[in-house]
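In: The following block contains a protein sequence and its predicted model.
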Amino acid sequence: MHHDAPPSEPSEPEDAADRHEQVVDSPSSGPSGGGLVIRRLVVMVVLLGVAGAAAYMLHAARPRVAERSADSVRPVVQSFVAQRVPVAQAWSGQGTARALHSADVPARVAATVVGPAAAVRPGTRVTLGQVLVQLDEEEFVRRAEVARQRMREIDASLAQLEVEQKRMAERTALDDSDVAMARTEFDRQTRLHERGVTTEQDIDVSRRILIAAQRSELATRQAAELIGPRRRQLEALRAGQEAQEKLAELDRQRATINSPLAGVVQALDVEVGESVAVGQRVARVVALDRVEVPVSLPAAAAGSVAVGDTVTLWTAGSELSAWESTVLRVAPEQDTATRTLTVYAEVSSADDGTPPPPPGVFLDARVQTADAQLRWVVPRRSLREGRVQVIVDGRLVSRAAQVAFYVNAVQPALGIADDQWAVIDEVLAPGDRVLIDAANRLPDGTEVLDAAGTPTDTPPVAPASDDDADAGVRGAGA
């Protein structure tokens, strides 16, 4: 028999011990947990107190800004009294210098190059008529000799013709005598036949003799008359051969290619042994004593620029090398593609030996017109973003200004030593005080002290320290 075991019951002492340990571990229970919270609160209160004390000390030790009057914080500016001054309009442009005299030297005959001068190379200075290239002239010498030989043959034919002409004259005289004698005999036989002395056969014989004499006379006269055309034909042939001789001699001279002007060899296009054709360029020579500069100006310059106006030229980006000239010509039409007007200036070698700008160099140009008119001008530094500032009732007011052109010249009438000025449209009035320098970017409405109008016995108060100065600047910009 099997007996079931009684069910096991939990041990109460062990469960009680576990619950007691959990209560002891809780930080909020018991005397030791409450002490820890209090200690943390005390530390936090101490830290907050120290921070507050440090903040108070820093606030008490902060720098003090000296109190200043309202006028002392206004920025001091410089201005000038606007007025119209006589200004001649100037136009800026660009151009490329080109030699006024240059030559692409061609070959005028077809031949082989036998000798460019050894001293002639690109960059070599040459004189007028100096030999540049030598071509083979043997062919032309032979052609001239052949023409002369043919002329000698024609001269011999003409001499022979002279002899024939003399003989023909003698034969003509004899034929005339034969015809006269034959006619006399024919007349005599006719009279005798009328008297019955001769027969018809005698008359026929005399008639045949007369006709033969006349035929011979006609042949001789015809041969004599043909001598003239033959002479003219031979003379024409001789003239043609004479022309051939001259052409051959001219080609022989053309085989020596000379410089057509004094200057510098820019290019030498052939070498010894090359064959050249008629019209082929063999060299280029450029004269450097006179240079022409076509200057492109804005289309608006039409009507104001005229012949005789002053032109100043300088290399692009630098005014160290400048040349003075005048407008010699003005193009009658504007370039519709670029909207520019072209004027022409010329620069020659100066008396002191200063050369003109080299051909091909890019130049900036300024054309000064002669029509001085009263215009509003301001220093170039007075403009900022297309506006100028004027002082109205002690405050700055900006006005939009359209620049017509710039002038690089001192304007003594305005009392400022600047040499860069802008001519603007009608935005000013007589007596306006214009701010000279707009670099500080003072906003409109800023109260300012005009240095020109500040009383000398009450100068602006200087800041007592760097901090005061910074405070003053902040006050001015506020």
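Out: It's in. In this text the structure is predicted, and so the values were computed from the model without any measurement.

In: Remind me what the one helix or strand Arg171 maps to packs against, helices and strands.
Out: Using DSSP states H and E, Arg171 sits in helix 138-195. On a contact count with 3 or more Cβ pairs under 8 Å, 6 or more residues apart in numbering; DSSP states H and E, helix 138-195 meets helix 200-254. From N, CA and C alone the C-beta is placed, and that goes for glycine too.

In: Run the chain-centre distance for the helix it packs on.
Out: How far helix 200-254 lies from its chain's middle: 71 Å, per Cα atoms, centre = their mean, to the nearest Å.

In: Now it: average pLDDT?
Out: Averaged across helix 200-254, pLDDT comes to 92.

In: Now do that helix and helix 138-195, the angle between them.
Out: Counting by axes from the mean of the first three to the mean of the last three Cα atoms, to 10 degrees, helix 200-254 lies at 170 degrees to helix 138-195.

In: and the next helix or strand after helix 200-254, which strands flank it?
Out: Remark: after helix 200-254, the chain's next helix or strand is strand 256-258, criterion DSSP H and E. Applying DSSP bridges to the sheet, strand 256-258 is found paired with strand 131-134 (antiparallel).

In: residues touching Thr369, list them.
Out: For Thr369, the contact set (Cβ atoms under 8 Å, 6 or more residues apart in numbering) comprises 88-91, 304-306, 309.

In: Quick check: closest non-adjacent residue to it.
Out: Gln89 (4.8 Å; Cβ to Cβ, 6 or more residues apart in numbering).

In: Over to Gln83?
Out: Spatial nearest neighbour of Gln83, excluding adjacent residues (Cβ to Cβ, 6+ apart): Pro430 at 6.2 Å.

In: Pull out the buried residues from stretch 385-400.
Out: For stretch 385-400, burial by neighbour count (16 or more other Cβ atoms under 10 Å) applies to 388-391, 396, 398.

In: From Val87, how far out is Ala372?
Out: Going from Ala372 to Val87 by Cβ to Cβ, to the nearest Å gives 6 Å.

In: Next, count neighbours for the closest residue to Gln280 other than its chain neighbours.
Out: Closest residue in space to Gln280, ignoring its immediate chain neighbours: Ala107 at 5.0 Å, by Cβ to Cβ, 6+ apart. For Ala107, the number of neighbouring residues by other Cβ atoms under 10 Å comes to 23.

In: start at 6 instead
Out: Okay, using 6 as the starting number, the last item reads as Ala112.

In: so where is the protein shaky, pLDDT-wise?
Out: Counting by pLDDT under 70, the chain shows low-confidence ranges at 6-39, 69-77, 122, 322-325, 356-357, 457-483.

In: centroid residue for it?
Out: Most central in the chain under Cα atoms, centre = their mean is Thr101, positioned 3.0 Å from the mean C-alpha point.

In: So that residue is in contact with Val296, correct?
Out: No. Thr101 is beyond contact range of Val296, at 10.3 Å (criterion: Cβ atoms under 8 Å).

In: can you confirm Pro435 is in a helix?
Out: No. Using DSSP: H, G, I helix; E, B strand; the rest coil, the secondary structure at Pro435 is coil, not a helix.

In: Could you measure from it over to Arg200?
Out: Where Arg200 is concerned, Pro435 sits at a distance of 144 Å (Cβ to Cβ).

In: Equivalent analysis for Ile262, please.
Out: According to Cβ to Cβ, Ile262 stands 94 Å off from Arg200.

In: The two: who's more crowded?
Out: Neighbour tally, Ile262 and Arg200, criterion other Cβ under 10 Å: the higher count belongs to Ile262, 23 against 7.

In: What's opposite the more buried one in the beta bridge?
Out: Val138.

In: now it: how far from Val269?
Out: Using Cβ to Cβ, one obtains 17 Å as the distance from Ile262 to Val269.

In: For Trp319, list each beta-bridge partner.
Out: On the basis of DSSP bridges, Trp319 is bridged to Ala327, Asp369.

In: and what of Arg286?
Out: Taking DSSP bridges, one finds Pro111 as the beta-bridge partners of Arg286.

In: give the contact list for it.
Out: 109-112, 274.

In: Out of those, the closest to Arg371 would be?
Out: Checking the contacts of Arg286 against Arg371 with Cβ to Cβ, the nearest one is Asp109 at 33.1 Å.

In: and the closest one, how many neighbours?
Out: Neighbours of Asp109 using other Cβ under 10 Å come to 13.

In: buried sites along the host helix or strand of it?
Out: Under the criterion of DSSP H and E, Asp109 resides in strand 107-111. For strand 107-111, a neighbour-count test (16+ other Cβ under 10 Å) marks 107-108, 110 as buried.

In: and what of stretch 90-99?
Out: Within stretch 90-99, the residues scored as buried using 16+ other Cβ under 10 Å are 90, 92-99.

In: can you list the residues you listed in CSV and add secondary structure?
Out: Shown next, in CSV, are those (three-state DSSP):
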residue, secondary structure
Val90, strand
Val92, strand
Ala93, strand
Gln94, strand
Ala95, strand
Trp96, strand
Ser97, strand
Gly98, strand
Gln99, strand
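
In: For these, could you give me TSV that also reports distance to Val47?
Out: Formatted as TSV, those follow (distance: Cβ to Cβ, whole Å):
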residue	distance to Val47
Val90	84
Val92	85
Ala93	90
Gln94	88
Ala95	86
Trp96	88
Ser97	83
Gly98	88
Gln99	86
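
In: Please identify which pair of those lies farthest apart.
Out: Taking Cβ to Cβ as the measure, the buried residues of stretch 90-99 span a maximum distance of 28.2 Å, between Val90 and Gln99.
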